[in-house]
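**Student:** 3D, please:
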Amino acid sequence: MKRYLTLAAVAAMGAMTLGGCANEPYNGNNYTGAQAGQAQSVSYGTITAIRAVKIEGNGTSGFGGIGGAVLGGLLGHQVGGGSGKTIATAVGALGGAWAGNRVEASSDRTNGMEVQIKRDDGQNLVIVQQADNTYLVGQRVRIIGSGTSVRVAPAQ
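**Tutor:** Presented below is the predicted three-dimensional model:
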């Protein structure tokens, strides 16, 4: 019975650890708390090209590896006895860390689009964001923000 409770606790902890690894969307419909209430510049332009891309996260948080190591170590500790148990715990922790990092990395990707826009002032821009809306070449759009915080939205 004790072994089943341990395995249930390990599974629950794994679900909580890996569930928090999802990528925050990089799209035209979401704003961060810091962006809310801030004045942002708006310009207009026309889409000249669109290309599908993958957006990778800004790096891993490490929680996948840490959670995987803990889970793997706990599972490995259930095997064998004496020095065999120690080896199984270490191998489980290493394997769990590797697997946790892989799961976190794969969950930190999203489909995106590279939108090339010719602004009304003649400047050409390329903006990458999550593929959250359907855009067409020739469509008028708003370019919202500046610097490293720019998004495309349909012109209204």
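
**Student:** flag the shaky bits of this structure, pLDDT-wise.
**Tutor:** Within the chain, the stretches with pLDDT under 70 are 1-35, 37, 57-63, 104-108.

**Student:** which strand is the longest one in it?
**Tutor:** strand 42-56 (DSSP state E).

**Student:** okay, now the sheet partners of that strand, with direction.
**Tutor:** Paired neighbours of strand 42-56 in the sheet (DSSP bridges): strand 109-119 (antiparallel), strand 140-146 (antiparallel).

**Student:** for the closest residue to residue 124 other than its chain neighbours, the count of nearby residues, please.
**Tutor:** Computed as C-beta to C-beta, 6 or more residues apart in numbering, the closest residue to residue 124 that is not its neighbour in sequence is residue 118, at 5.5 Å. C-betas here are computed from N, CA, C, even on glycine. As a burial measure, residue 118 scores 14 neighbours (other C-beta atoms under 10 Å).

**Student:** and what of residue 103?
**Tutor:** By the criterion of other C-beta under 10 Å, residue 103 has 18 neighbours.

**Student:** could you list the domains of the chain?
**Tutor:** Taking automatic domain parsing as the criterion, the chain consists of the domains 1-25+61-108, 31-54+111-156.

**Student:** please identify the deepest-packed of those domains.
**Tutor:** domain 1-25+61-108 (a mean of 16; mean count of other C-beta atoms under 10 Å).

**Student:** give me the distance between residue 46 and residue 110.
**Tutor:** Distance, residue 46 to residue 110, using C-beta to C-beta, to the nearest Å: 26 Å.

**Student:** kindly apply the preceding question to residue 143 instead.
**Tutor:** From residue 143 across to residue 110, the span is 21 Å (C-beta to C-beta).

**Student:** now swap in residue 155 and tell me
**Tutor:** Distance of residue 155 to residue 110, computed by C-beta to C-beta: 24 Å.
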